[in-house]
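Undergrad: next comes the sequence, and after it the predicted model I'd like to discuss.
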Amino acid sequence: MKQNPRSDWLQQVASRIKSHWLLKGIGTTGAITAFMVAYFTLLRHPQFSVTMIPPTTLDRLIAFQPAAIVPYASLWLYISLVPALLLRRECAAYLGAASVLGVVGLGIFLLWPTAVPQPDINWSLYPSVSFLKSLDAAGNACPSM
């Protein structure tokens, strides 16, 4: 008897999520926390002078959109979704690649701290974005543009 391909797919996804879920959950949370602590430390205590990055043509063409906070906030979902879907043998390669990417990004933040000019926006009109702006302070522009 042939099974429904959609059912097979859903079973495989469920099996991957259940596989080592506690280890993957703690590992993902720990890695994100470690990166964010390092990032905010470098942001608040730059070791070198901060370079101002001028707005790009694309920055000038696209006006501020408060609703963009929704896709930005979704990154917390998809950052956690990838390791949740990996099998144990796939996690090592993913962890290695994510670690290299994180270290390179932190290295750039350390050696070349950057910021963009503050736009003339009354952030109090946009509380969700205002909160994010308060966390990011000067804001490293590169490589997180």
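TA: Happy to help now that I have it.

Undergrad: any weak-confidence spans in the protein?
TA: Along the chain, segments meeting pLDDT under 70 span 1-3, 136-141, 143-145.

Undergrad: who are the neighbours in contact with the most centrally placed residue in it?
TA: Computing the C-alpha centroid of the chain and ranking residues by CA atoms, centre = their mean puts L75 first, at 5.8 Å. Contacts for L75 were tallied using CB atoms under 8 Å, 6 or more residues apart in numbering; there are none. C-beta here means a position set from N, CA and C on the backbone, and glycine is covered the same way.

Undergrad: my read: K133 touches W123, true?
TA: Yes - at 5.5 Å, K133 counts as touching W123 under the criterion of CB atoms under 8 Å.

Undergrad: quick one: the helices in the chain?
TA: 5-18, 21-44, 57-61, 69-73, 75-85, 88-111, 127-136 (DSSP state H).

Undergrad: give me the buried positions along the fifth one.
TA: Pointing back at helix 75-85 there. Residues of helix 75-85 classed as buried: 83-84 (neighbour count, 16 or more other CB atoms under 10 Å).

Undergrad: from here on, count from 13
TA: Sounds good: first residue 13 from here, last item helix 87-97.

Undergrad: now find how far off-centre that helix is within its chain.
TA: Put simply, helix 87-97 sits 10 Å off its chain's centre (CA atoms, centre = their mean, to the nearest Å).

Undergrad: now swap in the second one and tell me
TA: On the basis of CA atoms, centre = their mean, helix 33-56 sits 10 Å off its chain's mean C-alpha point.

Undergrad: before I go, just wanted to say thanks for your time.
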